[in-house]
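Asks: Okay, predicted coordinates and the sequence, questions at the end:
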Amino acid sequence: MKKTTVITIIVVGIAAVLLMLMQNGNMNRLGTESYYVQVNEGKKIEGNTSTGEKYKTYEYTVQGYDKHGSVKTLTFTAAKELRKEAYLRLYVKTKGVSSYQEVHLDDIPEKTRMLLSNPSSKE
């Protein structure tokens, strides 16, 4: 009886934690590397879905820097036009950018922040 109660409590606890992670966390950010970028001019792409509905997306190609200052050219799309010169944290998997979020300059690691804010130091 006691063993069953303990196991039930553990299972319910694990289920509750997983449920909270799924609701509050973005699963696209799991197992990613972070790169920091400054948004440039995006390319507007318009088209039609298979049902004939019109859509538009914006494609961005940027130089991203990880926390060590390593540079990588990244291309990603957004459903809306992003604020020009905003700083973003891109979540990158082997297949490309899986998610992004806007960040303040102060939230970017120092080495990366210097590369982003001083164009002459970029390699």
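Replies: Yes, it's here. Numbering: from 1, shown residues only.
Asks: Spatially central residue for the chain, please.
Replies: With distances taken as C-alpha atoms, centre = their mean, the chain has residue 100 as the residue nearest its mean C-alpha position (2.5 Å).
Asks: What strands line up against the helix or strand hosting it, and which way round?
Replies: Counting by DSSP states H and E, the element that carries residue 100 is strand 96-103. For strand 96-103, the paired strands and their directions (DSSP bridges) are strand 87-93 (antiparallel).
Asks: chain center to the strand it pairs with: distance?
Replies: Centroid separation between strand 87-93 and its chain, computed with C-alpha atoms, centre = their mean, to the nearest Å, is 4 Å.
Asks: circling back to that earlier point, can you give the contact residues for the helix or strand following the strand holding residue 100?
Replies: The helix or strand immediately downstream of strand 96-103 is helix 110-117, counting by DSSP H and E. For helix 110-117, contacts defined as C-beta atoms under 8 Å, 6 or more residues apart in numbering pick out 36-38, 65-69, 71, 87, 105-106, 108, 121-122. C-beta coordinates here come from the backbone N, C-alpha and C atoms, glycine included.
Asks: Tell me the buried residues in helix 110-117?
Replies: Using 16 or more other C-beta atoms under 10 Å as the burial criterion, the residues of helix 110-117 that qualify are 112, 113, 115, 116.
Asks: Could I get the CA-only coordinates of it as PDB?
Replies: What follows is the C-alpha trace of helix 110-117 in PDB, where atoms were taken according to Å, rounded to 0.1, in the frame of the first residue of the first chain:
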ATOM      1  CA  GLU A 110      30.000  40.500 -23.100                       C
ATOM      2  CA  LYS A 111      32.300  39.200 -25.900                       C
ATOM      3  CA  THR A 112      29.400  38.800 -28.300                       C
ATOM      4  CA  ARG A 113      27.900  42.200 -27.300                       C
ATOM      5  CA  MET A 114      31.200  43.900 -28.300                       C
ATOM      6  CA  LEU A 115      31.200  42.200 -31.700                       C
ATOM      7  CA  LEU A 116      27.500  43.200 -32.300                       C
ATOM      8  CA  SER A 117      27.900  46.800 -31.200                       C
END
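Asks: tilt between that helix and strand 87-93?
Replies: Helix 110-117 and strand 87-93 meet at an angle of 120 degrees, taking axes from the mean of the first three to the mean of the last three C-alpha atoms, to 10 degrees as the criterion.
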